[in-house]
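1. next comes the sequence, and after it the predicted model I'd like to discuss.
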Amino acid sequence: MALDATEEIVRAICSDKFDGERYSPSLFKGENTSVSRLSVIPLEEHWDLFQKNVQVPPERILVQIGQIHIGAMQRVGEEHLTKLQLTVEPDPLDWNPGHAVMPQNISKGLSKKITKKMEKHSIPTHLQKA
Amino acid sequence: MTTTFPCPVDKTFQFTTPIQSAPVGCYQVPVPGEIDRDGLAITKLGARGWGRLHHFRNYYNAGWGEGQGKPVSPKAVEAFYQFLALIEFPANIKPSIFLTDQGSLELCWENESGNDIQLEFSSTGIEYYIESNEQEGTLGLLEIAELPNRLR
């Protein structure tokens, strides 16, 4: 069952998708894009969770977390050139009970618009590795 | 009074075995053209882009990320270098390079008018998006020579 439009979701932004200047247009591209629910795990705990589970290989560094309101994201999909009804489905994993997926096949153009709409959180100083 | 110095003794260093027959130390012989390619990547992408390309090619093995990431496609790399040799980026613009979960290489920059240009090099073709005219499409790997003209 799709999540309510009032929920907030986050996505890990790692160094393969952000080079300090630009974001990859494919951050959300494709089917079953992984996101995580802030109603299940608070943002502060996502840093540690993502650092432990998505930094593979070690050269892949978590640099930011992108946050977006599902309703706002759905409006981006509706206003896109080729309209797309975006939904977020819960898909809990062992390492992340808040894991969810976006089943639709998201194009590069729409992915870019969602990325632009997201609020980006930079990694807290105390969690940055020297 | 005069002092007689001792006769010089020949203490010149000599190799016990001739240099020519000594075993050559281990070193990696560069793949033909690899040095030229590195030079091309540094010139066109800058140190940051070159370093990222190096990382993607050498550290991102199958299963990277959350377990589904594919390694960089050698065909995509080949097409990527061919394109770099053909393209001239606007002055003072260093494009960004990204790796997709499917093992494609993405190249993004802005043209002189500030509009986005995005390319994705995969094992089967090159996907392009030109923001200024909302044009997008895919070219086959053999059509790469056409690409710079389309981006103008």
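-> Right, received. Where do you want to start?

2. what residues does chain A put near chain B?
-> A:14, A:16-17, A:19-22, A:24-26, A:29-30, A:34, A:53-54, A:56-57, A:59-60, A:81, A:108-109, A:112 (CB under 8 Å from any CB of the partner chain). To be clear about C-beta, it is placed using only N, CA and C from the backbone, and glycine gets the same treatment.

3. in helices, which of those residues appear?
-> Using DSSP state H, the subset of the residues of chain A next to chain B located in helices is A:53, A:108-109, A:112.

4. burial of residue 62, as a residue count?
-> Looking at chain A here, since you left the chain open. 22 (other CB atoms under 10 Å in any protein chain shown).

5. the intended chain is chain B.
-> With other CB under 10 Å as criterion, residue B:62 counts 10.

6. flag every buried residue along the helix ranked longest in chain B.
-> Using DSSP H to define each element, chain B has its longest helix at helix B:34-59. For helix B:34-59, the buried set under the neighbour-count rule, 16 or more other CB atoms under 10 Å in any protein chain shown, comprises B:37, B:41, B:44-46, B:49-50, B:52-53, B:55-56.

7. greatest separation within these: which pair is it?
-> Farthest pair in those (CB to CB) is B:44 and B:55. Separation: 17.1 Å.

8. point out where chain A drops to low pLDDT.
-> Applying pLDDT under 70 to chain A picks out residues A:129-130.

9. all strands for chain B, in order.
-> Secondary structure of chain B (DSSP state E): strands at B:96-99, B:105-110, B:116-121, B:125-130, B:135-140.

10. let's have the ones you listed in a markdown table, adding mean pLDDT, distance to chain A and mean neighbour count.
-> Formatted as a markdown table, the strands of chain B follow (pLDDT from 0 to 100; distance: least, CB to the nearest CB, whole Å; neighbours: other CB atoms under 10 Å in any protein chain shown):
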| stretch | mean pLDDT | distance to chain A | mean neighbour count |
| --- | --- | --- | --- |
| strand B:96-99 | 98 | 4 | 25 |
| strand B:105-110 | 96 | 6 | 22 |
| strand B:116-121 | 95 | 5 | 22 |
| strand B:125-130 | 92 | 6 | 20 |
| strand B:135-140 | 89 | 7 | 13 |
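
11. tell me how far the closest residue to residue B:102 other than its chain neighbours lies from residue A:111.
-> Nearest-residue entry for residue B:102: residue B:70, 5.6 Å, with adjacent residues in sequence omitted and distances by CB to CB, 6 or more residues apart in numbering or on different chains. Separation of residue B:70 from residue A:111 (CB to CB, to the nearest Å) stands at 18 Å.

12. which positions in chain B make contact with chain A?
-> Counting by CB under 8 Å from any CB, the residues of chain B close to chain A are B:48-49, B:52, B:55-56, B:59-61, B:63-67, B:96-102, B:106, B:108, B:116, B:118, B:120, B:127, B:129, B:134, B:136.

13. one step back: of the buried residues of helix B:34-59, which is the nearest to chain A?
-> Set against chain A, the nearest of the buried residues of helix B:34-59 by CB to the nearest CB is residue B:55 (5.3 Å).

14. which residues are contacting stretch A:85-104?
-> A:1-3, A:7, A:9, A:28, A:31-41, A:49, A:52-53, A:70, A:73-74, A:76-78, A:84, A:106 (CB atoms under 8 Å, 6 or more residues apart in numbering or on different chains).
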